[in-house]
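Student: build me a model from this:
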Amino acid sequence: MLHLAETTNPWGGHSWVGDGPSAIPLDNRPLYEPATGPTSRGVCTKLFHSSLFDVGILRDTLLPSLTFHSGLSLIAYGAGRLTDRLETKDWLWPAGQVLNAWWSALGKRVICDGIPLYCSWAIIDRPQRLLLAGVTLWGSRLFWRIASRSIKRGGDDPRYEATKKQHGWSWNKALFTTYLPEAVFQSLITLPFTAPFRHLAGSDVPGPFATLSGAYAAVAEAVAVGLFSMGFALEVLADWQLDSFKEKEKSGQESPSAMCREGVWSIVRHPNYLGDMLVHLSFPLLLWSSNSLQPIHLLGPLTNYIFLRYVSGDKENEHCQARRYSTENVNKKIDFDKYRREENAFWPDKCQVSNKWTWIVVGAGVAGALVEGLVTQLIA
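Tutor: Numbering: from 1, shown residues only. A predicted model of the protein is given here:
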């Protein structure tokens with residue numbers, strides 16, 4: 001039997017004492033034991049003894065993630081300073097969140113807790129595996145998008161080139177004004193897909209949310225997968241349509257003074273950010289479908305929304321666009337201002353009900369939920 005002993009490991013890990021039936025836990029609270037009969041997870045049985053809040057939010061949830069993301073931010077800062085490219089923080093944004101999810105789910109258990117890899121994977125239930133798959137799919141696509149665009153450009157993002165020219169900006173300050181603050185945001189945003197793995201004992205204590213079972217749980221899971229699929233489709237379509245528009249600009253098929261308003265760009269001015277928000281909203285909903293949702297998990301999408309709207313998302317992007325168009329392309333600035341008057345920045349208005357692209361995105365969500373349900377039936 002494996003036994004857990006509390007430690008002050010800053011990564012949120014624990015010490016395991018002994019690996020035989022006579023081993024004694026330092027705190028007399030066994031957390032895992034090998035399965036002796038058929039179980040839903042096949043290899044290991046998970047024993048619950050405390051809630052998300054019993055073990056201390058700072059010590060076992062936020063502090064380990066903050067330590068993890070701060071360490072990665074230091075590496076990204078070093079790379080950025082060495083190459084004079086502030087966009088290294090953008091490379092880290094999706095990569096760090098995916099790495100933290102997998103570290104929390106498997107890495108910490110195997111390396112810090114000493115749980116065998118096969119057992120660590122076996123105790124992850126199906127909704128949690130869906131959670132990992134979703135985070136990995138979202139983060140991998142976004143990382144590829146950022147990295148490929150950065151490599152193709154061959155230099156720093158124009159937004160950051162302008163930032164570096166501002167009076168008072170310096171690399172000495174950037175660590176404390178940019179990189180480490182974003183590590184704090186990432187630590188909060190990742191809560192829905194790190195806290196459930198760090199707090200293995202959270203589901204035995206009922207949360208304030210209604211308990212779902214049977215058909216209700218299946219419907220909630222389908223809605224979560226559908227919401228994720230809608231968000232993912234929005235991001236993919238937005239990037240593809242924007243790239244196509246820019247290629248048409250270069251070939252003369254589109255006016256260099258026009259804004260991209262095709263496809264999903266006709267729904268809102270920032271469909272990629274809306275897609276990102278829908279993806280992150282799907283994670284707590286998926287936890288609710290398995291009765292694992294705790295109030296702290298809701299901080300993830302809330303923090304993500306604040307970041308996208310008021311810190312480094314559409315606000316920063318549009319400020320940079322307005323400044324650049326005013327000096328480089330006055331006619332485009334006129335069309336940009338018109339676009340801002342006619343379309344919402346983030347949330348669609350009621351007129352978008354008649355927009356065919358709205359229903360294409362909704363259809364992508366329905367298709368995603370149906371495909372996931374079909375795959376589940378086939379492998380069950």
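Student: from here on, just use CA atoms for contacts and neighbour counts.
Tutor: Noted.
Student: what are the ranges of the strands in the chain?
Tutor: Under the criterion DSSP state E, the chain carries strands at the ranges 4-5, 15-16, 32-34, 44-46.
Student: wait, residue 61 sits on residue 197?
Tutor: No: using CA atoms under 8 Å, residue 61 is not in contact with residue 197; the gap is 9.6 Å.
Student: just give me the neighbour total for the closest residue to residue 61 other than its chain neighbours.
Tutor: Nearest residue to residue 61, sequence neighbours excluded (CA to CA, 6 or more residues apart in numbering): residue 195, at 5.8 Å. Neighbours of residue 195 under the rule other CA atoms under 10 Å: 23.
Student: who's in contact with residue 195?
Tutor: Applying CA atoms under 8 Å, 6 or more residues apart in numbering, we find residue 195 in contact with 61, 104, 297.
Student: for residue 136, see how far away the last one is.
Tutor: Which is residue 297. With distances taken as CA to CA, to the nearest Å, residue 297 is found 18 Å from residue 136.
Student: between those two, who's got more neighbours?
Tutor: Counted by other CA under 10 Å, residue 297 and residue 136 do not tie: residue 297 has more neighbours, with 23 against 19.
Student: ranges for the helices of the stretch 151-300 of the chain?
Tutor: Per DSSP state H, counting those that start in this stretch, the stretch 151-300 of the chain has helices spanning 158-164, 171-174, 180-189, 191-198, 214-251, 271-289, 299-306. These are given in chain order.
Student: for residue 329, find the nearest of those.
Tutor: With CA to CA as the measure, helix 214-251 is the member of the helices of the stretch 151-300 of the chain nearest residue 329 (13.7 Å).
Student: and the closest one, what's its mean pLDDT?
Tutor: The average pLDDT within helix 214-251 is 94.
Student: what residues sit buried inside it?
Tutor: For helix 214-251, the neighbour count (16 or more other CA atoms under 10 Å) marks 217, 220-239, 241-242, 245-246, 249 as buried.
Student: and for stretch 331-349?
Tutor: So for stretch 331-349, counting by 16+ other CA under 10 Å, buried means 332-336, 339, 343, 345-346, 348.
Student: and the average pLDDT for it is what?
Tutor: Rounded mean pLDDT across stretch 331-349 is 93.
Student: so who does the closest residue to residue 193 other than its chain neighbours touch?
Tutor: Distance criterion CA to CA, 6+ apart; nearest residue to residue 193, sequence neighbours excluded, is residue 101 at 5.8 Å. Contact analysis of residue 101 by CA under 8 Å, 6+ apart lists 132, 135, 190, 193-194.
Student: include neighbour count, distance to residue 316 and pLDDT when you put the residues you listed into a markdown table, please.
Tutor: Shown next, in a markdown table, are these (neighbours: other CA atoms under 10 Å; distance: CA to CA, whole Å; pLDDT from 0 to 100):
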| residue | neighbour count | distance to residue 316 | pLDDT |
| --- | --- | --- | --- |
| 132 | 20 | 30 | 96 |
| 135 | 23 | 25 | 98 |
| 190 | 26 | 22 | 97 |
| 193 | 27 | 27 | 95 |
| 194 | 27 | 28 | 94 |
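Student: what separation do you get for residue 359 and residue 148?
Tutor: Taking CA to CA as the measure, residue 359 falls 30 Å from residue 148.
Student: residue 183: what's it in contact with?
Tutor: Residue 183 makes contacts with 66, 69-70, 73, as judged by CA under 8 Å, 6+ apart.
Student: what residues are shared contacts of residue 61 and residue 197?
Tutor: By CA under 8 Å, 6+ apart, no residue touches both residue 61 and residue 197.
Student: looking at those two, which one has more neighbours?
Tutor: Per other CA under 10 Å, whichever of residue 61 and residue 197 has more neighbours is residue 61, with 26 against 23.
Student: tell me the pLDDT of the residue nearest to residue 193.
Tutor: So, for residue 101, pLDDT stands at 97.
Student: what distance do you get for it to residue 190?
Tutor: In terms of CA to CA, residue 101 sits 7 Å off from residue 190.
Student: how about residue 134: what's its closest non-neighbour residue?
Tutor: Using CA to CA, 6+ apart, the closest residue to residue 134 is residue 228 (7.6 Å).
Student: apologies, that question was intended for residue 237.
Tutor: residue 264 (6.9 Å).
Student: dump stretch 220-230 to CSV, keeping only the CA atoms.
Tutor: Written as CSV, here are the backbone C-alpha positions of stretch 220-230 (Å, rounded to 0.1, in the frame of the first residue of the first chain):
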residue,chain,number,x,y,z
ALA,A,220,-24.0,18.6,-19.0
GLU,A,221,-21.0,16.7,-20.4
ALA,A,222,-22.4,17.0,-23.9
VAL,A,223,-23.0,20.8,-23.5
ALA,A,224,-19.4,21.2,-22.1
VAL,A,225,-18.0,19.4,-25.1
GLY,A,226,-20.2,21.4,-27.5
LEU,A,227,-19.1,24.6,-25.9
PHE,A,228,-15.5,23.6,-26.2
SER,A,229,-16.0,22.7,-29.9
MET,A,230,-17.7,26.0,-30.6
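Student: now what about it, what contacts it?
Tutor: 134, 275, 278-283, 285-286, 288-289, 361-370, 372-373.
Student: kind regards, and thank you for your time.
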